[in-house]
Structure formats: C-alpha cells, structure tokens
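Enquirer: Mind folding the following:
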Amino acid sequence: MNSDQIKKGVDRAPNKSLLYALGLTEEEQNRPIIGVVSSYNEIVPGHMHLDKIAEAVKAGVRAAGGTPILFPAIAVCDGIAMGHVGMKYSLVTRDLIADSTEAMAIAHQFDGLVMVPNCDKNVPGLLMAAARINVPTIFCSGGPMLAGKLPDGRRTCLSHMFEAVGAYHAGTMDEDDVQTYVEQACPSCGSCSGMYTANSMNCLTEAIGMALPGNGTIPAPFSARIRLAKATGMQIMKLVEKNIKPSDIMTAAAFHNAETVDMALGCSTNTMLHLPAIAHEAGLELDFDMANEISGKTPNLCHLAPAGDTFMEDLDAAGGVYAVMKELTKGDLLDLSVMTVTTKTMAENLEHAENTNKEIIRPFDDPFMKTGGIAVLKGNLAPDGCVVKQAAVDPSMMQHEGPARVFDSEEEAIRVIYDGGIRPGDVVVIRYEGPKGGPGMREMLNPTSAICGMGLGESVALITDGRFSGATRGASIGHVSPEAAAGGNIALVQEGDRIAIDITNKSIQLLVSDEELEARRAAWVCPEPKIKTGYLARYAKLVTSADKGAVLI
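Expert: A predicted model of the protein is given here:
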C-alpha cells in the first residue's frame, strides 16, 4: 500500500507517531488509508451541505474496511463572483485545486481518494488532480439544486434571475418583480438547477467513468444523495483492492465518450476548457476541432435550462446520464468497452438504463437537434477557434451579420447595454478578458443576460475572448483564440466593422481586408496588464490559450 510509506517499519516510526497523534488506532492504521477531499464551505450554496456528503462517504469507507481521512479543497461560487473583480479568480482556482490536492495526496501517501466536489471549477480541478496523482479515485459530488417556483406556478432558476436584471433595465420589470426572483430562483442547497457548468461537469464525470450512476443528477436535498455517498465510500475500497486507477479509466476512448455525451446533453461551453485540461493531465490531447466532428454525428437530446424550461431534477427522474448514454448506443456513438469506477465496463453499466420520459430525453431518432449542443467556429476573427452553445441559440441567430460594438472590458460593455446603447443587429465585442488579458478569463453572464432580458436575444450577438456561464443563452460566442492580449485579430476590430457569423457552417469572419488588418496590426500596442501583482499576475504569465484548455505551462 502507498500508506506503508508512512506507517511500516522502524524507519517510519517518527511518521507513525504522528498517526498516533491523530488518535488513529493500530487497527485503523493497518487498513487502507483513504483521503476524502471535501470541498465543503459556507459561502457556496452548492457546497454548504458537503460536510454531510463527506461524512456519508467516510461511513461507507469504514463499512468496507478502510480508514477515511478528510482534507479540504477550495471552491468559488461563480454566481456570487459574477460581475466584479472576483470573477477573475474563478477559472484560476481550477489549477489551485489541482495543485493543492496533488500536494496533500502525495505528501501523505493515501491509498485511495474520494473526491467530494460540486461547483464549476472544483470538479475539473479535482479530475485534473486525480489524473496527476493516479491512485484509485472515485467522485461523489454534491448534486444539483432544485428548481425554484414563482407565485404563478412557473419554475425558475439562476439564469432567469440574471435575465430579470436586464428586464428591469429595459423597464419591463420593477424592483418588486426582481425581488420575487431573488427569493425564489435558488430554493435549496446544490449546484444551480440548469445544465450549467457545475452540472455539466458532474454529468460528464459519470460519462467518463469516474463516478457511480446518479452522481450528476440526483438532487442535493434528496436522501438518495446520502446513499450514493455511502456507496461511493464503499466502492473506493473495491478500486483499491483491484488497483484500478484513473489512468485505467480516463483513456482516449473515455474522453471521446464524454464529449459525445456533452453534445447530447447540451452542456456548458466551459466543458471545452475543462475536458482538454483534464486530458492534458492524463497525457492525452483533445483537439479543439474534434468537437465539431463529434457534434456532427451526435444528436442533441436534452434542452435543460437555459436552452429550455426543464431542470436537473427532471433529467434525474427521466433516467439520468445513463439513460442519455443508452439512447446514444442506438447510433453506435460510444465505446462501451471502457472501464469505470463500478469495476465494470460501460456496457455492463448501461444494461438496465432506461429513458422513462421521452420529452426530457428525446429518442435518438427524434432529437431536439440533429447535431450536438456545442459548435467551434473558425475564421479570421478566431483563427484558432471560438465556442458557442448552439443548442441555446434562437434559430433566427444561427446566421447573423452586423456592425461591431467594441469594448475593452466587461464593465464598459454592461454600462452601455444597461443604458440602452445596443441596437438590434449589433455584434457586441468584449475583449482583453481572455486567460492572459483578464487575467483569468471572466464569465460574461451579466452582459449576455442583460441582452436577453432586454429583449435583444434574437437580434444581437456577443463575441468575447472571455467565456460564458453555462447559464448563458443566445448567440454568445466565447473563447476567441488567439485572445486580444496575445495579439489575436479580436484586438484589431474597430467600432462599426462588419462581422459575419454562420453557426451552421462553423464560420466567424471580420469583414475587413487582409491589407487593412496588417496595417492595424502594425499600429497595435498591447495594453498594460490589468493586474500586475499576486496570483493573477503569475497566472497570466503561465497560462496558455483557451483553445488549449487554458492550462498552465
């Protein structure tokens, strides 16, 4: 066992004395020692109950003959961090989480790990750590929040809350209306109730084989979530016994499965940052262009919020992620031979999966869309690519051409949007918000929600080298690569330039001649960094482009 390094032999007697200081008995020390990585804190609604999940995991570990040891991981609530400098610290925590978990796990020589994450960067950060550390590992997330309910009976969620602010600025809601959403949008603990980034990544943790069935969809308040946690604690002991490691599970085929399920579910565009970063830690490369290849073959089977008016609890009741995967087997789109944390193949896992609601999970031959939920666009405005959640785009905006409205920060853009300065047909360009330029690649949920809330979602596009919340809908195109701070062509766009977007044909073009762009580039001067000290300054020096997953080098 790995833990023999800290407990066996006279040479390790000093180490062992510190295990005694923890109050561990000889019997406990002689068992496999399992690290339980708890992301519990009191500021993230998705994490406020993880102490209970972690305790249930520990109970499962003990029941199966192991010794659980708890240690923490950080997490940021993207909703609370949204719209101010705090959002610069969201994406960057992914690497802090991976680094700190690696340090703790290897320093203390755990025999296995149970990761207890939930929200946006916490899940991919711990998946990155799992790939790096490569000891038997399993995930048990905190689960999704229940949908809210308005006084008139309509269900609601966080994306509606953000759009309500736009409606207020458009004069179609008053403060009392907004307050109703404030009180009803987020009614329970858990990751916000739509197919946003947290729930996308938790679902993909099932699809990639690193979690038991139900991990992505069982609602946080349900007792079934506690039972899942206990089962997960027991299951890690089987993985340790059989020495099944992340490298045995997170293979190239497993990542292909995850991207396929991503397209079928209509996941957040942030998965296009996280899956390549996790693959990178596993020694694999996910080509950005692979997304379009997979999307072209994969029907979009789910329209959860923000794309539709159904929620994670509905997906769970319909059969969850495995039911979606079972539909995909009808097109032979998955590699079912891959190993999973159940210690069985995916084929065995799916034997009893069933789609019980064909309105929530559309049948393979009757999808919402014939192609997947995400598209990668390329053209002179984004030579290395950019990303759009096409499943959440109104059909009228699949092709759009309009004049550029150029802003060098999110704050500049949101002021003009709220003041009514954006007109139907415009293309809002927000730049210098990429991984280096932000730094930290902020989400742009405030401006996208403002555009939709003000009734412009079917006539205005938004393009940025930043990124979007999974709660974003509309013709919102992010991850423009190369970013402005790296000298990408988005830095050369001028007010009034015509931009042509063709999502169907995966194209994005700045309608300016090559000669004019060359002249502009000769005159371009990169602005001073927005932040010159602290962790963000170090991050900006090390981070790669969004099309590479914004990994650190």
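Enquirer: What segments of the stretch 451-553 of the chain are strands?
Expert: Here the stretch 451-553 of the chain has its strands, by DSSP state E, counting those that start in this stretch, at 461-464, 476-481, 498-502, 507-510.
Enquirer: Which elements pack onto the third one?
Expert: Counting contacts by 3 or more CB pairs under 8 Å, 6 or more residues apart in numbering; DSSP states H and E, strand 498-502 is packed against strand 399-407, strand 427-430, strand 461-464, strand 507-510. Any C-beta I mention is one placed from the backbone N, CA and C, and that applies to glycine too.
Enquirer: Can you mark which positions in it are buried?
Expert: Buried positions in strand 498-502, judged by neighbour count with 16 or more other CB atoms under 10 Å: I499, A500, I501.
Enquirer: could the residues you listed go into a markdown table alongside distance to A491 and pLDDT?
Expert: Formatted as a markdown table, the buried residues of strand 498-502 follow (distance: CB to CB, whole Å; pLDDT from 0 to 100):
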| residue | distance to A491 | pLDDT |
| --- | --- | --- |
| I499 | 14 | 98 |
| A500 | 19 | 98 |
| I501 | 19 | 98 |
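Enquirer: Out of the helices and strands packed on strand 498-502, which gets nearest to A129?
Expert: Proximity to A129 (CB to CB) singles out strand 461-464 among the helices and strands packed on strand 498-502, at 28.8 Å.
Enquirer: Quick one: residues in contact with that closest one.
Expert: 381, 386, 397, 400, 402, 426-431, 433, 444, 447-448, 451, 474-478, 480, 490, 499, 501, 508 (CB atoms under 8 Å, 6 or more residues apart in numbering).
Enquirer: Go again with 6 Å.
Expert: Contacts of strand 461-464 from elsewhere in the structure, counted by CB atoms under 6 Å, 6 or more residues apart in numbering, are 400, 427-430, 433, 444, 448, 475-478, 501.
Enquirer: where's K530 relative to N270, distance?
Expert: Going from K530 to N270 by CB to CB, to the nearest Å gives 22 Å.
Enquirer: Show the residue spans covered by the strands in the stretch 101-250 of the chain.
Expert: Using DSSP E, counting those that start in this stretch, the strands of the stretch 101-250 of the chain run over 112-116, 137-139, 148-149, 155-156.
Enquirer: How far off centre is the last one?
Expert: Right, the one you point to is strand 155-156. Taking CA atoms, centre = their mean, to the nearest Å, the mean C-alpha location of strand 155-156 is offset from the chain mean by 22 Å.
Enquirer: again, but for stretch 490-499
Expert: The chain centre lies 30 Å from the centre of stretch 490-499; the measure is CA atoms, centre = their mean.
Enquirer: Just the CA atoms of it, as PDB, please.
Expert: Extracted C-alpha coordinates of stretch 490-499, given in PDB (Å, rounded to 0.1, in the frame of the first residue of the first chain):
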ATOM      1  CA  ILE A 490     -10.100  40.400 -32.000                       C
ATOM      2  CA  ALA A 491      -7.700  43.100 -30.800                       C
ATOM      3  CA  LEU A 492      -7.900  44.800 -34.200                       C
ATOM      4  CA  VAL A 493     -11.600  45.100 -34.500                       C
ATOM      5  CA  GLN A 494     -12.800  48.700 -34.800                       C
ATOM      6  CA  GLU A 495     -16.200  50.200 -34.000                       C
ATOM      7  CA  GLY A 496     -18.600  49.700 -36.900                       C
ATOM      8  CA  ASP A 497     -16.600  46.900 -38.600                       C
ATOM      9  CA  ARG A 498     -19.000  44.300 -40.100                       C
ATOM     10  CA  ILE A 499     -18.800  40.800 -38.600                       C
END
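Enquirer: Next, the buried residues of it.
Expert: The neighbour-count check on stretch 490-499 (16+ other CB under 10 Å) flags I490, A491, L492, V493, D497, I499 as buried.
Enquirer: Relative to G79, how far out is the fourth one?
Expert: V493 sits 30 Å away from G79 when distances are taken as CB to CB.
Enquirer: Nearest to P72, out of the buried residues of stretch 490-499: which one, please.
Expert: I490 (38.3 Å).
Enquirer: which residues does the closest one contact?
Expert: Applying CB under 6 Å, 6+ apart to I490 gives the contacts R431, D465, V480, A484.
Enquirer: re earlier: of K530 and N270, who's got more company?
Expert: More neighbours surround N270 than the other of K530 and N270, with 31 against 19 (other CB atoms under 10 Å).
Enquirer: pLDDT at that one, what is it?
Expert: Model confidence at N270, given as pLDDT, is 96.
Enquirer: What number of residues are in the vicinity of the nearest residue to it once chain neighbours are set aside?
Expert: Spatial nearest neighbour of N270, excluding adjacent residues (CB to CB, 6 or more residues apart in numbering): T197 at 4.3 Å. T197 sits with 29 neighbouring residues when counted by other CB under 10 Å.
Enquirer: Please apply the same query to E359.
Expert: Residues near E359, counting by other CB under 10 Å: 9.
Enquirer: So the residue nearest to N270 is in contact with F468, correct?
Expert: No - counting by CB atoms under 6 Å, T197 does not reach F468; the two are 9.1 Å apart.
Enquirer: Phi and psi next, for I80.
Expert: Phi and psi for I80, reported as degrees, to the nearest 10, are phi -70, psi -30.
Enquirer: Present the helices and strands packed on strand 498-502 as a markdown table; the columns should include mean neighbour count.
Expert: Shown next, in a markdown table, are the helices and strands packed on strand 498-502 (neighbours: other CB atoms under 10 Å):
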| stretch | mean neighbour count |
| --- | --- |
| strand 399-407 | 19 |
| strand 427-430 | 27 |
| strand 461-464 | 28 |
| strand 507-510 | 20 |
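Enquirer: For the stretch 401-550 of the chain, which segments count as helices?
Expert: Applying DSSP state H, counting those that start in this stretch to the stretch 401-550 of the chain gives helices spanning 410-418, 445-453, 514-523, 534-542.
Enquirer: For those, state which one has the densest average packing.
Expert: Compared across the helices of the stretch 401-550 of the chain, helix 445-453 shows the largest average neighbour count, a mean of 27 (mean count of other CB atoms under 10 Å).
Enquirer: any idea how far it is from the chain center?
Expert: Offset of helix 445-453 from its chain centre (CA atoms, centre = their mean): 19 Å.
Enquirer: what about the chain, any weak spots by pLDDT?
Expert: Residues of the chain meeting the criterion pLDDT under 70: none.
Enquirer: May I have the residues that are in contact with the residue positioned nearest the centre of it?
Expert: The centroid of the chain falls nearest to T197 when counting by CA atoms, centre = their mean (3.5 Å). T197 makes contacts with D120, S268, N270, G470, as judged by CB under 6 Å, 6+ apart.
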